[in-house]
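Visitor: A structural model of the following input is requested.
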Amino acid sequence: MSGDRQQDTYTQATTPRRQLLAAAALAPVLAGVGYAGHADPTGKAGTGSSPLEPVHTTLADWKGVAKALGRPGNMMRDTAYHTGFPREDLRVVSYGITVTPGLALGSHVAFVRYDDGSTMVMGDLVVAESELQQVTDTLQARGIEQTAIHKHLLAQAPDIWWTHVHAHGRDPVAVARGLRAALDRTGTPPARKPGPPKAVDLDTEGIDAALGIKGYRDDNVYKCVFVRRETITDGGMVLPAGVGSSTAFNFQPLGGGRAAISGDFAMVADEVQEVLTALRQGGISLVELHNHGLTDEPRLFFTHFWAVDDAVALARALRPAVNASNIRPAG
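Guide: Reported below is the predicted structural model:
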């Protein structure tokens, strides 16, 4: 985005007095939004010992959110409204491989309605290093939490960062506007009409057989997604399967049956070492080990990975790590 774009008032404050004035000006705005990260400072949104349960919604329930985000989304298992923002404007190279948006450059957010009428939002934004601080300032001004800031790729050029976001409250359109404001601080392009389905030049049946899953094509990438078998809560709210807790493998074809793979494992603490060992024994490079959330139960850890080889051989190398974690294929 152009450096000439007007900055938010609070980012211009350079003295303590001006910072206090800026904070005072923002206070009524944030109060109107109704989003302050978690619903309750204890992190327990439910009443008593019962966590809040997600409720089924339809696309019609999210028309205001779609308008605020500036593009349509889709429903995931009738409970999560999901919108992707592929960074088609970026040309990122890792170890000589040009990374496509479907492999590792897709921002996305998910909105989930709960049985108390509130909405939780989780997502992951892909930002260039030159964009990160302005995006951070905009999220903070809109009362949207960042729960992780890290990288998904090794030896990348230019430097790209991933920031996980979280909000909970009763006005999902307000938080959608906040997310849109943050995305407007980046070069994320407008939505485009999807083109005809592209063939994926990989042995997808061999990949499925090796992993024990049925994957799917997404643009020019083959994806295999697993979810945790146990119930995961965050801030006293039950997460729908896959939201904030999925294990995902992305295969980008390189020709001749070869692929670059990027993805991450969702693990509980006592699975971490076995999964990391299995990945390395399969010749797969580890990128980072970190958390994506702040109050998830059980506590989840994520490891991002990278490898280039025959696609079916890579799938076979991933299988022992799959077997070491309590996950199942996403429905």
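Visitor: which strands and helices sit next to the one helix or strand residue 167 maps to?
Guide: Here residue 167 sits within strand 160-169, counting by DSSP states H and E. Contacting strand 160-169 under the criterion 3 or more C-beta pairs under 8 Å, 6 or more residues apart in numbering; DSSP states H and E are the following elements: strand 119-128, helix 129-141, strand 145-150, helix 172-183. All C-beta atoms are positioned from the backbone trio N, CA, C, and that covers glycine.
Visitor: Can you tell me the strand partners of the first one and which way each runs?
Guide: When pairs are called by DSSP bridges, strand 119-128 turns out to pair with strand 106-113 (antiparallel), strand 160-169 (antiparallel).
Visitor: Rebuild these as a markdown table, extending it with mean pLDDT, mean neighbour count and distance to residue 84.
Guide: As requested, those are exported to a markdown table (pLDDT from 0 to 100; neighbours: other C-beta atoms under 10 Å; distance: least, C-beta to C-beta, whole Å):
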| stretch | mean pLDDT | mean neighbour count | distance to residue 84 |
| --- | --- | --- | --- |
| strand 106-113 | 97 | 22 | 5 |
| strand 160-169 | 97 | 23 | 14 |
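Visitor: will you turn these into a markdown table that also has distance to residue 258?
Guide: Shown next, in a markdown table, are these (distance: least, C-beta to C-beta, whole Å):
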| stretch | distance to residue 258 |
| --- | --- |
| strand 106-113 | 22 |
| strand 160-169 | 23 |
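Visitor: Select, out of those, the one closest to residue 76.
Guide: strand 106-113 (7.0 Å; C-beta to C-beta).
Visitor: So what's the gap between the closest one and the chain middle?
Guide: Taking C-alpha atoms, centre = their mean, to the nearest Å, one finds strand 106-113 lying 7 Å from the centre of the chain it belongs to.
Visitor: Show me what it is in contact with.
Guide: 54-55, 57, 61-62, 65, 69, 76, 79-87, 119-126, 165, 172, 176, 179, 183, 188, 237, 239-240, 243-244 (C-beta atoms under 8 Å, 6 or more residues apart in numbering).
Visitor: Got a ChimeraX select line for the buried ones in those?
Guide: Buried residues among those (16 or more other C-beta atoms under 10 Å), as a ChimeraX selection:
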select :54,57,61,62,65,69,76,79,80,81,82,83,84,85,86,87,119,120,121,122,123,124,125,126,165,172,176,179,183,188,237,239,240,243,244
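Visitor: quick one: the strand holding residue 167 to helix 129-141, angle?
Guide: 10 degrees (axes from the mean of the first three to the mean of the last three C-alpha atoms, to 10 degrees).
Visitor: going forward, begin numbering at 567 instead of 1
Guide: Will do, 567 is the new start, and the previous item becomes strand 726-735.
Visitor: Just the CA coordinates for strand 726-735, please, in CSV.
Guide: Output of strand 726-735 as CSV, limited to C-alpha atoms (Å, rounded to 0.1, in the frame of the first residue of the first chain):
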residue,chain,number,x,y,z
ILE,A,726,6.6,-12.6,5.0
TRP,A,727,4.9,-12.9,8.4
TRP,A,728,1.7,-14.6,9.6
THR,A,729,-0.3,-13.0,12.4
HIS,A,730,-3.2,-14.9,14.0
VAL,A,731,-6.2,-12.8,15.0
HIS,A,732,-9.0,-13.4,17.5
ALA,A,733,-12.1,-11.4,18.7
HIS,A,734,-15.3,-12.2,20.6
GLY,A,735,-18.4,-10.1,21.0
